[in-house]
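Asks: quick one: sequence and predicted model below, then my questions.
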Amino acid sequence: MPPRRAPASPSLLSPSGYDDDVVSLRSLSDQDTDSEDDELIKGSRSTLELAQHDRTVLEEEEELEKLLVKSSPTDGLRRIFGASSHDNGSSVRIGKKERRRRRRSERRAQRLKESGNTDVEGELMYEMEGGFKDDSSSQASTTSFDSDPGGPLRSAVYTRSRRASCRRFCLIFTAIVVLFLILFLGAYKESVSLRISQPRLNLLSNGTSLFAPTTILISLDGFRADFLSQAPNLKKAIDRGVSPPYMLPSFPSVTFPNHFTLATGLYPESHGVVGNTFWDPALGEDFYYTDPARSMQPKWWTAEPVWVTAENQGARTAIHMWPGSEAHIAGVEPTFLDKFNGSEALFRKVNRITQLLDMPGEEAKDEVPPSQRRPQLILAYVPNVDSDGHKYGPNSTETRTTVTKVDEMIGDIFSKLDSRNLTDVVNVIVVSDHGMATTSTDRLIQLDDLVDLDLVERIDGWPLQGLRPKKPEDLTTLRTQLLESSKPYSDSIEIYTRDTMPERYHFSNNERIAPLWIIPKTGWAMVKKSEFDVEDAKKNSKVYHPRGLHGYDHEHPLMRSIFVARGPKFPHKAGSRVDVFQNTEVYNILCDSLEIKPAPNNGTLHLPLKPVGLHSDPDAPPLEIPPDPPISASMQTHGPSPIPTSSSASPTTTSGPKSTRPAGSEDGEDTDTDDEDKVLGLWDKFRGKIEELKDWASGLFSSDSD
């Protein structure tokens, strides 16, 4: 047999042929002794064992490489959003070291091919040297990998690594989302706050100035609804605007509670000003509307009026003598405040309103500070009709004359708005707080004949009588007395406790409301003998003062008030008629006209109003002129015992229960100032004509200059 040719290169079966660190398995004949050959064969590894060893080493290196690559904190995001850089869809990034190893393996394989050796075991070793295939490798490789005893451990390590990476990614992603939401919510709240403090205004122009939403609210105290028949300028406003047949006041129908209801949209039991006079058990003090030192304290005024609502939302306000405006409510002051002056002439009110309208507007916001710019809300109070109604009676010639003067004042305001081209720019709302009823000596009831006043600590209200007993246990006794003694006056008075008060009054849910009430029917009044002896007055034909009263059932025709509106926020057909509503609705209407958000209130109406027809419609209700209250037949047979008393209506007494009956215009005034009032009225009228002449002349010269 010819000798075997030596291979050109070391055999693939020789470990030294592919691994320099492994001792080659030499031929048995090359060993020094047989024992050495036996030991070498025993200590050497077979080809499969060597392959298994190499495979294990390579897999461990690859696993370490994967862990090194995944150690980057942004690896999770790169795996999701980055493009794959692996061959055959591998999920493991190949580093420089791995590429160098593969290149070495490929060079070795190339040398083997050049030598012509195609042994299967060499193919197997080449595959192993190049590394295992990924998920797309052959079934043989998968079987070989599964047979690896170290595979489960490495798989667990890999799984834990992936889970840790996913957790890190989820935590980072969650933190980013939470941070984004925090920033978004903060920006949203800041933007909402900015919009509230600096609302976007719908500006109107009269050709020379820019006007933010602007509304004038004028209150004519004591202007009964049927007085409109004597007021041609107000009737003209009705024909051009929108109004109900009349507006209902709130109970009790007196000045301070109703003006605060107009300003807050709350019933008196809700806003806390439950009368012109009342006792507060929590404060232990009396409220007297005629004593500003006491009544104009914020502790009495616990609700939010419209001027506070407007100022808090960036709308400037001007308050002209409105009841309660001097009380520093909620620590927010109107931009402009005119204190009460009962003797101010009507023409001065007109001039004050036009002066406020002539101030710089939104076009000058960068040059003029807010305190010197035009207000958006003007509230003006006119007490003249109420004052004369108390003094002379609502149906007197003097009161009718005052109604005419007040109507002329309204006409002057509309005329000045027209001359400034503001008819379609500025909203004007004219309201009243209540009506008025005529009093009579024949409609008086002696309070002493009804109840034991020795059990009464104090009396609230006027003409209503709110009784507060000296002892809580006396309340039942007083109520029993009243229910029995009032039977002859069943058509003249009503007896209620807070618990039995009619629900429509909304007059029970406040501790400032006395626990027991005598409520006279409209036109009736209660007097103590020490103040006015009814029997003596009848015998001597004495006249009871005040000649006019209010405060009665707010739904009685004699207590009805008015509401007339016109302007850009009331774009209704001229002469539109809406259903009757209560004055709790005025606050929402004011806020809507100014484009501000109202505070919670008892009103439900909002702009635009919903007309039900025209005042000129054939089926429209006519203006009702209610008659004076009738004289009760029961009084003809039941009279008080004759006890001499003063004929004047004193507001207080030196003995008996304390009375919170007011002094001033609500009680009527002496008539010794009538001549002085007439002189002042003529002088005011003369000055008004002078002012009108000046306005006419200035307008004439300005037109000539144009």
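Replies: Received it, and whenever you're ready, just let me know what you need.
Asks: could you pull out the helices for the stretch 101-250 of the chain?
Replies: Remark: helices of the stretch 101-250 of the chain, listed N- to C-terminal, are 120-130, 139-146, 151-197, 232-240; assignment by DSSP state H, counting those that start in this stretch.
Asks: to clarify, my last question referred to the stretch 251-400 of the chain.
Replies: So, for the stretch 251-400 of the chain - with DSSP H, counting those that start in this stretch - the helices run 255-264, 268-271, 292-295, 306-312, 346-357, 384-392, 397-419.
Asks: who touches the fourth one?
Replies: Here helix 306-312 makes contact (C-beta atoms under 8 Å, 6 or more residues apart in numbering) with 263-264, 316-317, 319, 325, 329-330, 332-335, 376-377, 379, 587, 590-591, 594, 596-599. Just so you know, the C-beta spots here come from the backbone N, C-alpha and C atoms, and that holds for glycine as well.
Asks: restricted to buried residues, select the residues you listed in ChimeraX.
Replies: Restricted to buried positions by 16 or more other C-beta atoms under 10 Å, the ChimeraX selection for the contacts of helix 306-312 reads:
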select :263,264,316,317,319,325,329,330,333,334,335,376,377,379,587,590,591,594,596,598,599
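Asks: just the helices of the stretch 251-400 of the chain: most buried one?
Replies: Neighbour counts averaged per stretch over the helices of the stretch 251-400 of the chain are highest for helix 255-264, at a mean of 28; criterion: mean count of other C-beta atoms under 10 Å.
Asks: that helix packs against which elements?
Replies: strand 214-220, helix 268-271, helix 306-312, helix 586-594 (3 or more C-beta pairs under 8 Å, 6 or more residues apart in numbering; DSSP states H and E).
Asks: of the contacts of helix 306-312, which belong to strands?
Replies: When DSSP state E defines the strands, the subset of these inside them is 317, 319, 377, 379.
Asks: next, give me the two most distant ones among those residues.
Replies: Set against one another by C-beta to C-beta, the ones in strands among the contacts of helix 306-312 have their most distant pair in 319 and 377, with a gap of 8.5 Å.
Asks: can I get the helices of the stretch 251-400 of the chain in a markdown table including distance to residue 476 and mean pLDDT?
Replies: Shown next, in a markdown table, are these (distance: least, C-beta to C-beta, whole Å; pLDDT from 0 to 100):
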| stretch | distance to residue 476 | mean pLDDT |
| --- | --- | --- |
| helix 255-264 | 28 | 99 |
| helix 268-271 | 23 | 98 |
| helix 292-295 | 32 | 94 |
| helix 306-312 | 42 | 98 |
| helix 346-357 | 51 | 98 |
| helix 384-392 | 36 | 98 |
| helix 397-419 | 43 | 98 |
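Asks: so which of those helices comes closest to residue 201?
Replies: Among the helices of the stretch 251-400 of the chain, helix 306-312 comes nearest to residue 201, with 12.5 Å by C-beta to C-beta.
Asks: tell me the domain boundaries of this protein?
Replies: Following automatic domain parsing, the chain resolves into domains at 15-149, 204-625+647-698.
Asks: weakest of these in terms of mean pLDDT?
Replies: The weakest mean pLDDT among these belongs to domain 15-149, with a mean of 57.
Asks: my guess is residue 614 meets residue 575, correct?
Replies: Yes - here residue 614 lies in contact with residue 575, judged by C-beta atoms under 8 Å, at a distance of 4.8 Å.
Asks: ok, the residue lying closest to residue 224 once chain neighbours are set aside - contacts?
Replies: Once flanking residues are discounted, residue 224 sits nearest to residue 435: 3.6 Å by C-beta to C-beta, 6 or more residues apart in numbering. Each residue near residue 435 by C-beta under 8 Å, 6+ apart is listed here: 222-225, 249, 253, 394, 550, 557-561.
Asks: over to residue 501?
Replies: 507-508, 517.
Asks: from those residues, pick the one nearest residue 620.
Replies: Sorting these by distance to residue 620 puts residue 507 at the head of the list, at 32.3 Å, by C-beta to C-beta.
Asks: gap between that closest one and residue 267?
Replies: Between residue 507 and residue 267 the distance is 8 Å, computed by C-beta to C-beta, to the nearest Å.
Asks: since that was my last question, I'll sign off now.
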